[in-house]
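**Q** this is a predicted model, with the sequence first.
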Amino acid sequence: MKKIVTLFVLVCIVFLVPTDWAAAGPKNFGYVDQQSNRTFVPIRFLSGYAGADVKWTSAEQRIDIMNEQKKVTLYVGKRAAYINDSPVVLEDVPFIDNGITYVPLRFVSEALGVQLQWNADIASVMVTYADRSTPLPVIKRGFGHHSSKPIVSERKTYRVAGRSFSVQQVTLSLMHSKIHLDVALAGNTIGKVENLNSIAKRNNAIVAINGTFFDAYTEADFKTPYGYIVSKGQMKRKSSGDRRTIFTYDKNNLAELIPGPGFNDRFALGTMEGGLQAGPRLLKDGKVALNVKEEGFKDPKILTGGGARSALGITRDHKLILLTTGGATIPQLAEIMKQAGAHQAMNLDGGASSGLYYNGKYLTTPGRQISNALIVKYQ
């Protein structure tokens, strides 16, 4: 449920001091300081998306933030600040931590006319200036580009209704600076098929999981994939009228599940970096949320049958869970994803397509070649 954040007293902006890491194009994300309960947002993000120019003067530890309305001046470690050269006193002093300089958002947002909207469903803040709105993921302070374990691979067992399910699970920290998502096509072409491990190796991916449904049983050379496919911001396949759930992400790896009917409007915003349509949706806001027929599914394998399954889930702290298991019905898979810690979750193609690759080998070996995959690069 979205809430308008009035002046967002508990939010602050973060400015990234130029470093080798920053020059490499780091993700923009905010974070919550767990001690002060304040949220921080990158000033570089506002510089790029909210019409602000930022100047850092290292000798004075001075930050100048300007747009066509006002100029804001702040100093690291000092409460003294200025708006258009008029002195003001800050409630929270700017500081530097891990090469990042932080400044209070309430002060800056009031001065620059930046509007904020909190989206609890995907733990993000919508930053709006003039007619441009861009979502910014928010994480806990101390987590992000310097996280020590950006990828965790585990074999786990979950019990659902008295039955045990063995799963292969890979969990990725999406805000880690070296984690990059992509959607890869077999043979780099719509309609081709290829081994999952071949897709991964050809794209220098450390993790890969099978993606959308496709026409696996045709004898024709062209194996039609079903659903929308977006890669590197480009539409690879359209699927107008498809009601199934779509996994999307932007350049900051802000991941989200959206309904099929809402795809065109979302894609038109120009912020979508990648997307895969599969479904059905398994979880919404941490609760099982199955509406299989409403999404347009008619196949008994989805409606009632059990079998090999692949799924993805998004946690509240911007982790991506990729999971495979065997013999599960869709309702059972939903419960598994809930126990795995997902807040939002979606089914992927399953059966013989189900496969999970990590660090040079299969964790789950597919029984056939596949049409496309969600891959993860570690760079």
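**A** That came through, no problem.
**Q** hey, let's count contacts and neighbours off CA atoms from now on
**A** OK.
**Q** how close does the nearest residue to K319 once chain neighbours are set aside sit to K149?
**A** Nearest residue to K319, sequence neighbours excluded (CA to CA, 6 or more residues apart in numbering): S173, at 4.6 Å. Going from S173 to K149 by CA to CA, to the nearest Å gives 8 Å.
**Q** these two - which one has more neighbours?
**A** S173 (24 against 10; other CA atoms under 10 Å).
**Q** ok, that one touching P150?
**A** Yes: counting by CA atoms under 8 Å, P150 is a contact partner of S173 at 4.9 Å.
**Q** quick one: common contacting residues for the two?
**A** In terms of CA atoms under 8 Å, 6 or more residues apart in numbering, S173 and P150 are both contacted by the residues I179.
**Q** what's whichever strand or helix holds L363 packed up against?
**A** Using DSSP states H and E, the element containing L363 is strand 361-364. Judged by 3 or more CA pairs under 8 Å, 6 or more residues apart in numbering; DSSP states H and E, strand 361-364 is in contact with strand 356-358.
**Q** who does the strand it packs on pair with, and is each partner parallel or antiparallel?
**A** strand 207-210 (antiparallel), strand 361-364 (antiparallel) (DSSP bridges).
**Q** wait, which of these is closest to G77?
**A** Among those, strand 207-210 comes nearest to G77, with 42.3 Å by CA to CA.
**Q** can you name the next helix or strand after that closest one?
**A** Taking DSSP H and E, what comes next after strand 207-210 is strand 229-231.
**Q** and the helix or strand just after that following strand, what does it pack against?
**A** Downstream of strand 229-231, the first helix or strand assigned by DSSP H and E is strand 234-237. Judged by 3+ CA pairs under 8 Å, 6+ apart, strand 234-237 is in contact with strand 229-231.
**Q** which is the next helix or strand following the strand holding L363?
**A** Defined by DSSP H and E, the subsequent element after strand 361-364 is strand 372-378.
**Q** and Q332, what element?
**A** Counting by DSSP H and E, Q332 is found in helix 330-339.
**Q** please apply the same query to R44.
**A** Under the assignment here (DSSP H and E), R44 is part of helix 43-49.
**Q** can you give me the neighbour number for the spatially closest residue to V152 that is not a sequence neighbour?
**A** Leaving out its chain neighbours, the residue that sits closest to V152 by CA to CA, 6+ apart is T171, at 5.2 Å. Neighbours of T171 under the rule other CA under 10 Å: 21.
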